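Colleague: Prediction below, plus the sequence it came from.
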Amino acid sequence: MAAELGCRMGEVEQMIRYAYWNSGYAGIVVGVSGGVDSALAAAFCCRAIGPDKVLGLSLPTSVSNPQDEKDAQELCAGLGMEHRVVSVDPMLAAFKTLPGFVESPYLLGNLMARIRMTVLYYYANRDHRLVCGTSNRSEYLLGYCTKYGDNAADIQPIVHLYKTEVYEMAREMKIPKPILTKTPSAGLWAGQSDEGEIGLSYAEIDAALKNLDANGWKAASPAEEKVLARVQKNTHKRQPAPNLLTVL
């Protein structure tokens, strides 16, 4: 098991190094939220190209849990990578002046995700870096992400890993325990949790996704029906925008 994990981790690091060397860029920037996905992605980047070339940005708002920022800071310190904090509240406040602005958890959540990705790309462009994504396979298949928000990136080192596999690798890579044991949350509004919003635990989600994949995407249980409906509804998030472009 350990040998298999080591091999899989080596493949991820090799992919990151190849993308980095091929780009001619100076480094990588990753949004570190204090959660396990971004922690694992950051750790992979540090192992692949060296922590001195990796910048971690925490992008809190007024509804963010202060402990997440502390966990992100400790993670970056432990990995030896630079860490900065940039509040996105002033940017969010500017959007609230738009004519006809409507405030709801859904609209604000998507807006926060897109603002955060804009900030990541600003620093990436300024410092000639790649943006590292933090999406996992479970959330990618479910479409549990914001289009052109947290699903936008130049590299996606963990998008092939189910959430339960993310935890498995994170434990192997000695990600700090406070990050491993906290309730998964996108931090888009106070009290939000991923599993609460989806309505299933990640263990249930991953089991359903694996069974669906093995059985031609035909649901055989209520959980699988619920997961399949979400996968189908959010197909557009996994595909390029419809167009009539013909590539010669």
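Modeller: Good, I have the coordinates.
Colleague: Where does the prediction get shaky in the chain?
Modeller: Low-confidence segments of the chain (pLDDT under 70): 1-6, 189-190, 247-248.
Colleague: how about the strands in it?
Modeller: 27-31, 54-58, 82-85, 129-132 (DSSP state E).
Colleague: mind putting those strands in CSV, distance to residue 151 and mean neighbour count included?
Modeller: Bear in mind the C-beta positions are built from the backbone N, C-alpha and C, glycine included. Below are the strands of the chain laid out as CSV (distance: least, Cβ to Cβ, whole Å; neighbours: other Cβ atoms under 10 Å):
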stretch, distance to residue 151, mean neighbour count
strand 27-31, 12, 26
strand 54-58, 17, 26
strand 82-85, 23, 16
strand 129-132, 12, 23
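Colleague: Pipe these into a markdown table and attach distance to residue 222 per row.
Modeller: Formatted as a markdown table, those follow (distance: least, Cβ to Cβ, whole Å):
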| stretch | distance to residue 222 |
| --- | --- |
| strand 27-31 | 35 |
| strand 54-58 | 38 |
| strand 82-85 | 42 |
| strand 129-132 | 36 |
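Colleague: So which of those strands is nearest residue 199?
Modeller: Among these, the nearest to residue 199 by Cβ to Cβ is strand 27-31 (25.9 Å).
Colleague: Quick check: can you name the pairing partners of the closest one and their directions?
Modeller: Here strand 27-31 is paired, per DSSP bridges, with strand 54-58 (parallel), strand 129-132 (parallel).
Colleague: Against residue 74, how distant is residue 158?
Modeller: Remark: distance between residue 158 and residue 74 (Cβ to Cβ, to the nearest Å) = 20 Å.
Colleague: err, residue 140, not the other one
Modeller: From residue 140 across to residue 74, the span is 28 Å (Cβ to Cβ).
Colleague: All good on my end, thank you.
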